[in-house]
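Participant: Sequence and predicted model, in that order:
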Amino acid sequence: MSWDAVVVGAGPNGLVAANRLLDAGWSVLVLEAQPDVGGAVRSDRDVHPDFVHDTFSAFYPLAATSPTIASFGLEDHGLVWRHAPAVLGHPLPDGSWAVLHRDREATASGLEALCPGDGQAWLDLCAQWDRVGPHLVGALLKPFPPVRHGVGMLAALRHVGGLDFVKTLLTPAGEMVRDRFGGEAARLLVAGNAAHADIPLDAPGSGLMGLLLAMLGQTVGFPVPEGGAGELTQALARRFRAGGGEIRTDAEVVHVEVADKRAVAVRTADGERHAARRAVVADVLAPALYLRLLDAGDLPDRFLASLRRFQLDPGTVKVDWALDGPIPWTGAPDLACGTVHVADSVDDMTRAMSQVHAGAIPASPFMLTGQMTASDPTRSLAGTESFWAYTHVPQRTRSGDAGDGGIRGVWDHDDCERFADRMQARLERLAPGFADRVVARRVLGPREMEARNANLVGGALNGGTAQLHQQLVFRPVPGLGRAETPVRGLYLGSASAHPGGGVHGACGDNAARAALAHDRVRGLLPGRR
């Protein structure tokens with residue numbers, strides 16, 4: 001059977017692309033290697049049957065602000081967003097907390113109490129974001145170059161300091177927060193958000209990332225889907241199926257067939273061929289598409305040479321806990337925080353990230369954590385907590401263990417459990433008695449991550465490094481920056497394409513829109529239908 005389009009991969013980007021093409025009247029088949037849809041947006045009860053845990057990602061500020069996600073009306077297909085009482089918290093060693101609220105005045109008030117002057121500095125930053133933020137987000141989520149939002153951004157800059165604000169965006173996060181704020185609490189709110197990506201805090205690009213996520217937390221929050229992260233992708237799948245689209249799971253694509261320099265079909269591991277009359281959209285990691293699914297002769301030698309320099313982001317170790325009570329944080333704020341960052345200071349965070357980039361296993365890992373029952377009470381029984389923490393580790397351990405030397409970096413069961421113990425010990429210092437509340441624990445190391453989602457090679461969550469040398473026109477290789485590939489009718493719709501990682505759907509949407517645009521042009525040519 002033939003289809004107008006075949007989409008490879010049923011992660012959020014693949015499902016977005018499939019819905020967009022279906023809305024245009026195309027017949028669309030989605031093929032997914034795993035037993036269910038979702039990619040890195042899934043949830044399960046594997047840790048404990050009474051607890052829902054998000055297998056990979058958990059909080060979705062980019063989805064909340066994404067015009068792509070909003071355009072699908074997923075609330076009509078069962079999606080319900082929930083918010084924690086407070087967006088984000090960062091405990092300090094003295095027992096005080098930096099807390100980000102959706103109410104900017106509340107955020108500023110808390111920062112002012114910790115360091116006079118930082119409250120107003122926060123409000124000033126918010127005011128600048130009000131002018132620039134919508135255009136910046138719009139530009140980031142559109143194909144490169146983003147003409148309309150680029151013009152809007154230029155017009156807004158004159159109200160926020162012009163080139164001085166551009167310099168702020170390009171300043172490394174560590175330096176930017178020291179220039180803006182006098183106290184460690186405010187600095188940690190921005191720097192901690194910068195550390196969600198793999199850009200070193202002393203490198204350009206980290207300041208922009210920190211500002212983006214901190215201000216999204218301030219404006220749209222860090223929402224979660226009620227019932228688990230998987231409800232977001234399930235809603236996309238329900239919408240797609242309701243419109244007549246077809247999804248086949250346990251269907252691993254092993255080859256993209258090319259004829260006359262055009263993608264015409266895909267083949268699955270069981271030998272089945274699925275013809276694509278108009279387009280193939282690949283929600284797969286760039287090296288997997290170009291080096292595994294295509295024949296080398298289908299691509300220019302120069303392109304392949306550039307692709308072999310494609311850089312992954314660091315690996316990940318994630319620990320899930322089922323807790324029989326709330327986390328006993330020292331000095332916990334009155335309003336529970338959905339996300340909690342763990343680092344003693346910006347310098348401590350910088351040191352941990354630098355160790356990872358140097359190929360060393362961090363001694364005191366910077367951790368992102370999520371109190372999921374506090375965010376969505378359906379995740380576990382009242383009075384309990386579904387909790388997780390993750391941190392980055394090197395893709396390849398070259399410099400040993402910066403800690404006690406007991407972790408080798410091979411990430412077998414022993415390595416993962418030892419490192420999870422290190423992470424848990426760090427939590428215990430901030431929340432004495434934490435270990436006593438653990439009912440069950442699961443550790444997902446780089447190998448487990450990749451086994452559950454082939455795009456997460458070595459536990460890389462971002463589809464490739466977010467550093468500036470592999471963004472914009474350099475993603476996935478220099479000269480692209482768009483969903484088009486060297487093969488006609490084949491579009492890269494994964495996080496390896498611009499604008500990169502994060503659950504915003506823009507990569508899939510850009511791929512689908514490119515396919516539609518090229519098909520319209522193709523239809524105007526004689527003999528091309």
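Facilitator: Thanks, I have it.
Participant: Tell me the secondary structure of the residue lying closest to residue 293 once chain neighbours are set aside, please.
Facilitator: For residue 293, ignoring the flanking residues on the chain, the nearest one in space by Cβ to Cβ, 6 or more residues apart in numbering is residue 256 at 4.7 Å. Quick note: C-beta positions are derived from backbone N, CA and C, even for glycine. Residue 256 falls in the strand class when you classify it by DSSP: H, G, I helix; E, B strand; the rest coil.
Participant: now swap in the one 10 residues further on and tell me
Facilitator: Secondary structure of residue 266, reduced to three states by three-state DSSP: strand.
Participant: list the contacts for it?
Facilitator: 6, 8, 31, 253, 255-257, 273-274, 276, 280, 293 (Cβ atoms under 8 Å, 6 or more residues apart in numbering).
Participant: And the average pLDDT for stretch 220-235 is what?
Facilitator: Along stretch 220-235, the predicted confidence averages to a pLDDT of 98.
Participant: Actually, stretch 169-184.
Facilitator: Averaged across stretch 169-184, the pLDDT comes to 95.
Participant: where's that stretch relative to the chain centroid, distance-wise?
Facilitator: The chain centre lies 23 Å from the centre of stretch 169-184; the measure is Cα atoms, centre = their mean, to the nearest Å.
Participant: Show me which positions of it end up buried.
Facilitator: By neighbour count with 16 or more other Cβ atoms under 10 Å, stretch 169-184 contains the buried residues 169, 171-174, 176-177, 180-181, 183-184.
Participant: Same check on stretch 234-243?
Facilitator: With burial defined by 16+ other Cβ under 10 Å, the residues of stretch 234-243 counted as buried are 234-240.
Participant: likewise stretch 463-470?
Facilitator: Of all the residues in stretch 463-470, those buried under the rule 16+ other Cβ under 10 Å are 463-467, 470.
Participant: State the mean pLDDT of stretch 103-120.
Facilitator: In this model, stretch 103-120 has an average pLDDT of 98.
Participant: how far does it sit from the chain's center?
Facilitator: Here the centre of stretch 103-120 is set off from its chain's centre by 29 Å, with Cα atoms, centre = their mean.
Participant: Okay, helices next: where are they in the stretch 51-200 of the chain?
Facilitator: Assigned by DSSP state H, counting those that start in this stretch, the stretch 51-200 of the chain shows helices spanning 61-65, 67-70, 104-114, 118-140, 147-157, 163-170, 173-180, 184-194.
Participant: where does the stretch 401-529 of the chain have low pLDDT?
Facilitator: 480, 526-529 (pLDDT under 70).
Participant: Strands of that one, start to end?
Facilitator: 438-444, 490-492 (DSSP state E, counting those that start in this stretch).
Participant: for those, which one ends up most surrounded?
Facilitator: Per residue and on average, the most neighbours among the strands of the stretch 401-529 of the chain fall to strand 490-492, with a mean of 29 (mean count of other Cβ atoms under 10 Å).
Participant: Can you spell out which helices and strands pack onto that one?
Facilitator: Strand 490-492 is packed against strand 273-282, helix 506-524, with contacts defined by 3 or more Cβ pairs under 8 Å, 6 or more residues apart in numbering; DSSP states H and E.
Participant: Just say which of those is most tucked in.
Facilitator: Ranked by mean neighbour count under mean count of other Cβ under 10 Å, those are led by strand 273-282, which reaches a mean of 23.
Participant: Identify the residues contacting the following helix or strand past it?
Facilitator: Reading on from strand 273-282 to the C-terminus, the next helix or strand found by DSSP states H and E is helix 286-288. Residues from elsewhere that reach helix 286-288 (Cβ under 8 Å, 6+ apart): 307, 310, 454-455, 457, 463-464, 476-477, 492, 494, 496-497.
Participant: Turn those into CSV, including distance to residue 76.
Facilitator: Rendered in CSV, the data for those read as follows (distance: Cβ to Cβ, whole Å):
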residue, distance to residue 76
307, 40
310, 38
454, 31
455, 28
457, 35
463, 29
464, 34
476, 34
477, 39
492, 30
494, 27
496, 31
497, 28
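Participant: closest to residue 41 among these?
Facilitator: Here the nearest of the contacts of helix 286-288 to residue 41, counting by Cβ to Cβ, is residue 455; it sits at 11.6 Å.
Participant: Kindly confirm whether my reading is correct that that closest one touches residue 10.
Facilitator: No - checked against Cβ atoms under 8 Å, the pair residue 455 and residue 10 is beyond contact range at 11.3 Å.
Participant: shared neighbours of the two, anything?
Facilitator: Between them, residue 455 and residue 10 share the neighbouring residues 39, 283, with contact defined by Cβ under 8 Å, 6+ apart.
Participant: more crowded one of these two?
Facilitator: For residue 455 versus residue 10, the count of surrounding residues by other Cβ atoms under 10 Å is larger for residue 10: 27 against 23.
Participant: From residue 31, how far out is that one?
Facilitator: Look at residue 10 and residue 31: by Cβ to Cβ, to the nearest Å, they are 8 Å apart.
Participant: what residues do these two have in common as contacts?
Facilitator: Residues touching both residue 10 and residue 31 (Cβ under 8 Å, 6+ apart): there are none.
Participant: so which strand or helix has residue 305?
Facilitator: Assigned by DSSP H and E, residue 305 belongs to helix 301-307.
Participant: Quick check: mean pLDDT of that helix?
Facilitator: Averaged across helix 301-307, pLDDT comes to 93.
Participant: And for it, what's in contact with it?
Facilitator: 286-287, 290-291, 296, 476-479, 486.
Participant: which among those residues end up buried?
Facilitator: Among these, those classed as buried by neighbour count (16+ other Cβ under 10 Å) are 286-287, 290, 476-477, 486.
Participant: Now distance to residue 355 too, for the helices of the stretch 51-200 of the chain, in JSON lines please.
Facilitator: Written out in JSON lines, the entries for these read as follows (distance: least, Cβ to Cβ, whole Å):
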{"stretch": "helix 61-65", "distance to residue 355": "27"}
{"stretch": "helix 67-70", "distance to residue 355": "35"}
{"stretch": "helix 104-114", "distance to residue 355": "28"}
{"stretch": "helix 118-140", "distance to residue 355": "29"}
{"stretch": "helix 147-157", "distance to residue 355": "35"}
{"stretch": "helix 163-170", "distance to residue 355": "25"}
{"stretch": "helix 173-180", "distance to residue 355": "15"}
{"stretch": "helix 184-194", "distance to residue 355": "16"}
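Participant: most packed of those helices?
Facilitator: Each of the helices of the stretch 51-200 of the chain was given a mean neighbour count from mean count of other Cβ under 10 Å, and the largest, a mean of 27, is that of helix 184-194.
Participant: Residues in contact with that helix: which ones?
Facilitator: By Cβ under 8 Å, 6+ apart, the residues outside helix 184-194 that reach it are 88, 90, 92, 96-98, 100, 107, 110-111, 114-115, 118, 121-122, 173-174, 176-178, 180-181, 201, 206-207, 209-214, 217, 341, 343, 345-346, 349, 366.
Participant: Determine how far that helix lies from the middle of the whole chain.
Facilitator: Centroid displacement of helix 184-194 relative to its chain, using Cα atoms, centre = their mean, is 19 Å.
Participant: Hey, what's the angle from the helix or strand just after that helix to helix 163-170? Just curious.
Facilitator: Taking DSSP H and E as the definition, the helix or strand that follows helix 184-194 towards the C-terminus is helix 206-219. In this structure, helix 206-219 runs at an angle of 90 degrees to helix 163-170, with axes from the mean of the first three to the mean of the last three Cα atoms, to 10 degrees as the basis.
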